[in-house]
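1. quick one, what's the 3D model for this:
(2 chains)
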Number of protein chains: 2
Amino acid sequence: MMYSEQGDHQVEVCFSPISWPLFEKENAVVIVTDVFRATTAICAAFENGVSAIIPAETVSESEYWKKEGYITAGERNGITLECADFGNSPYNFMDPALRGKVISMNTTNGTRAIRMAAEKENEILIGAFSNLSAVCRYAVNRQKDILILCAGWKDRFSMEDALFAGAAAGEITALGKGSYYSVCDSAIASHELWKLAEPDPVRFIEKAAHRHRLKKMGLDEVIPYCLRRDVTQKVPRLQSGRLVVENA
Amino acid sequence: MMYSEQGDHQVEVCFSPISWPLFEKENAVVIVTDVFRATTAICAAFENGVSAIIPAETVSESEYWKKEGYITAGERNGITLECADFGNSPYNFMDPALRGKVISMNTTNGTRAIRMAAEKENEILIGAFSNLSAVCRYAVNRQKDILILCAGWKDRFSMEDALFAGAAAGEITALGKGSYYSVCDSAIASHELWKLAEPDPVRFIEKAAHRHRLKKMGLDEVIPYCLRRDVTQKVPRLQSGRLVVENA
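-> Numbers count the residues shown, from 1 in each chain, chains lettered A, B, ... in the order given. So this is what the prediction gives:
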């Protein structure tokens, strides 16, 4: 059972950026997740050897980075930005030509979540199923409170992000060997949902709304990849406004 | 499976008042729930024959109603208000002396949720496990979109309210016989959680944070009652700022 009042550090799950003011605190580790597809794409990029990602929020920010000569990725509501070289499918970030490059990336929900998390003096990590074990191990090793921030869908609860949060909360509790406690109902609920989904996440996510949104746009071919665990050991981390990696 | 794009009317679940601006619309039925304990207490009051309940939000509002000669119930963080005749345990509302009376009631989370829901021209109903079937039947008979608004705990997701929401979303979908659809991940997630909890809700809620909060304050003796289904057929409804009943 996830509920526990015993431990040195707390693990909490925030289902949406709109609830972030209720959760944010100083001196914590924040794992930001946007499973379909931003944070999965970021992990894929670093696994492929990309050297840094600059998160962009507005279209004009992306246009700025493009003009500065950076490779530019980005979408708005699933459609590739006019100024972008490609959209946010993780597969786009696996091109060997991207190795060693810095990419500017614009996403509907992910960038805003990253920036909100960065408002306080916290350590911001990028989490996805593809780096689940690595990001949890890295976070637990910091021996601080851990907040998992779901990017959601336009500030709404989103199933796939909650499933990641539940898987991560379970992993953190297990890795922490009693040092992490949780009195947070959203952590408990997401862990219960993850236990239901774990035997067959692709099938479970059939129930979710965003999966259908992606399907309608022909973007759903990445879903099995986005739900695959531990494809990479990379742990992207925000440093001076850029995402860079450290190995766990 | 809850997910469906087919139907005349939508059912959605809002996990917290903080997310309400993303959900609110015109011409809908809103079921407000605060299982531990406000909405369960309200249903108990009407089952006991109380004639109306005036929801109060601030302490000075409660003091006003008290001065006006009304029976006054209310708590702040589980402690009975100084001006109140009694606190918010459902058992307090079962006293036969209350029959036919109007009660002013102040709650930590419930009143604010009721007032937020009332900002648009919607029909506001009070839901709890104790009137689950009745409130769902009443709502479905209106043949409008249905929003379930969880009062939560200080704007956070709360397990017991999500369980009610999941139970109600399932009931509405079943009663609606295909006329209700849902593309809402929080409806889907809460229904999955409810299916896990349904065989033994009291045991399941052991995992939840608010249950422990109540226990610490010695207020947890009402939990089994708050999780009992269909104790009453009363459907409290907001009318000119007061809750009154109509039988389903």
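
2. okay, CA-based contacts and neighbour counts for the rest of this
-> Will do.

3. what sits up against the worst-scoring helix or strand of chain A on mean pLDDT?
-> In chain A, no helix or strand scores lower on mean pLDDT, DSSP states H and E than helix A:209-216, which sits at a mean of 72. Under the criterion CA atoms under 8 Å, 6 or more residues apart in numbering or on different chains, residues A:36, A:78, A:153, A:158-159, A:205-206, A:220-221, A:223, B:3, B:183-185 lie in contact with helix A:209-216.

4. so what does the top helix by length along chain A touch, helix or strand wise?
-> Longest helix of chain A, by residue count under DSSP state H: helix A:159-176. Contacts defined by 3 or more CA pairs under 8 Å, 6 or more residues apart in numbering or on different chains; DSSP states H and E place helix A:159-176 against strand A:9-14, strand A:28-33, helix A:132-141, strand A:145-150, strand A:180-181, helix A:185-197, helix B:185-197.

5. now do the last one, average pLDDT.
-> Read it as helix B:185-197. Helix B:185-197 carries an average pLDDT of 96.

6. cool, and the shortest one?
-> Averaging pLDDT along strand A:180-181 yields 88.

7. counting by contacts, list what that strand packs against.
-> Strand A:180-181 packs on strand A:9-14, helix A:159-176, going by 3+ CA pairs under 8 Å, 6+ apart.

8. rerun at 6 Å
-> Applying 3 or more CA pairs under 6 Å, 6 or more residues apart in numbering or on different chains; DSSP states H and E, one finds that strand A:180-181 contacts strand A:9-14.

9. report the angle between the longest helix of chain A and helix A:209-216.
-> Between helix A:159-176 and helix A:209-216, the angle formed by their directions is 130 degrees, by axes from the mean of the first three to the mean of the last three CA atoms, to 10 degrees.

10. who in chain A is up against chain B?
-> A:3, A:157, A:158, A:159, A:183, A:185, A:186, A:207, A:208, A:209 (CA under 6 Å from any CA of the partner chain).

11. most neighbours out of those residues, which is it?
-> When neighbours are counted by other CA atoms under 10 Å in any protein chain shown, residue A:159 leads the residues of chain A next to chain B with 29 neighbours.

12. how near is it to residue A:151?
-> Per CA to CA, to the nearest Å, residue A:159 is found 11 Å from residue A:151.

13. how about the residue positioned nearest the centre of chain A: which residues does it bridge to?
-> Centroid-nearest residue in chain A, with CA atoms, centre = their mean: residue A:33, separated by 2.1 Å. Residue A:33 has these beta-bridge partners by DSSP bridges: residue A:127, residue A:150.

14. where does chain A dip in pLDDT?
-> A:1-3, A:210, A:247-248 (pLDDT under 70).

15. can you get me the start-to-end distance on stretch A:120-139?
-> 17 Å.

16. buried residues in it?
-> A:122-139 (16 or more other CA atoms under 10 Å in any protein chain shown).

17. what's next to that stretch, contact-wise?
-> Stretch A:120-139 has contacts (CA atoms under 6 Å, 6 or more residues apart in numbering or on different chains) with A:26-33, A:35, A:39-40, A:172, A:227-233, A:235-238, A:248.

18. just the buried ones from the residues you listed?
-> Judged by 16+ other CA under 10 Å, buried ones among the contacts of stretch A:120-139: A:28-33, A:35, A:39-40, A:172, A:227-228, A:231-233, A:235-238, A:248.

19. chain center to stretch A:231-240, what's the gap?
-> Chain-centre distance of stretch A:231-240: 10 Å, with CA atoms, centre = their mean, to the nearest Å.

20. quick revisit: wouldn't the residue nearest to the centre of chain A be in contact with residue A:150 here?
-> Yes - look at residue A:33 against residue A:150 with CA atoms under 6 Å: they come within range, at 5.2 Å.

21. returning to that earlier point: mind checking which of the contacts of helix A:209-216 are in helices?
-> Using DSSP H, those in helices are A:159, A:223, B:185.

22. measure stretch A:31-47 end to end?
-> 18 Å.

23. what sits up against it?
-> Stretch A:31-47 has contacts (CA under 6 Å, 6+ apart) with A:90, A:93, A:110, A:125, A:126, A:127, A:128, A:148, A:149, A:150, A:151, A:161.

24. okay, now residue A:200: neighbour count?
-> Using other CA under 10 Å, residue A:200 has 10 other residues around it.

25. ok, now how distant is residue A:137 from chain B?
-> Per CA to the nearest CA, to the nearest Å, residue A:137 is found 25 Å from chain B.

26. same question, residue A:243
-> Distance from residue A:243 to chain B, by CA to the nearest CA: 29 Å.

27. residues in contact with that residue?
-> A:52, A:53, A:236, A:237 are the contacts of residue A:243 under CA under 6 Å, 6+ apart.

28. dump the residues you listed into a markdown table; add distance to residue B:117 and secondary structure as well.
-> Formatted as a markdown table, the contacts of residue A:243 follow (distance: CA to CA, whole Å; DSSP: H, G, I helix; E, B strand; the rest coil):
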| residue | distance to residue B:117 | secondary structure |
| --- | --- | --- |
| A:52 | 45 | strand |
| A:53 | 42 | strand |
| A:236 | 41 | strand |
| A:237 | 40 | strand |
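
29. closest one of the ones in helices among the contacts of helix A:209-216 to residue A:100?
-> residue A:223 (26.6 Å; CA to CA).

30. for the closest one, give its distance to residue B:238.
-> For residue A:223, the distance to residue B:238 - CA to CA - is 44 Å.

31. again, but for residue A:224
-> Applying CA to CA, the value for residue A:224 to residue B:238 is 47 Å.

32. output stretch A:154-169 in CSV with nothing but the alpha carbons.
-> Output in CSV follows, covering the C-alpha atoms of stretch A:154-169 (Å, rounded to 0.1, in the frame of the first residue of the first chain):
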residue,chain,number,x,y,z
LYS,A,154,-4.9,21.8,-21.5
ASP,A,155,-4.8,21.7,-17.7
ARG,A,156,-7.0,18.7,-17.4
PHE,A,157,-6.2,15.4,-15.8
SER,A,158,-4.7,13.0,-18.4
MET,A,159,-4.7,9.3,-18.0
GLU,A,160,-1.3,8.5,-19.5
ASP,A,161,0.5,11.1,-17.3
ALA,A,162,-1.3,9.8,-14.2
LEU,A,163,-0.2,6.2,-15.1
PHE,A,164,3.4,7.4,-15.3
ALA,A,165,3.0,9.2,-12.0
GLY,A,166,1.7,6.1,-10.3
ALA,A,167,4.4,3.9,-11.7
ALA,A,168,7.1,6.4,-10.6
ALA,A,169,5.5,6.9,-7.1
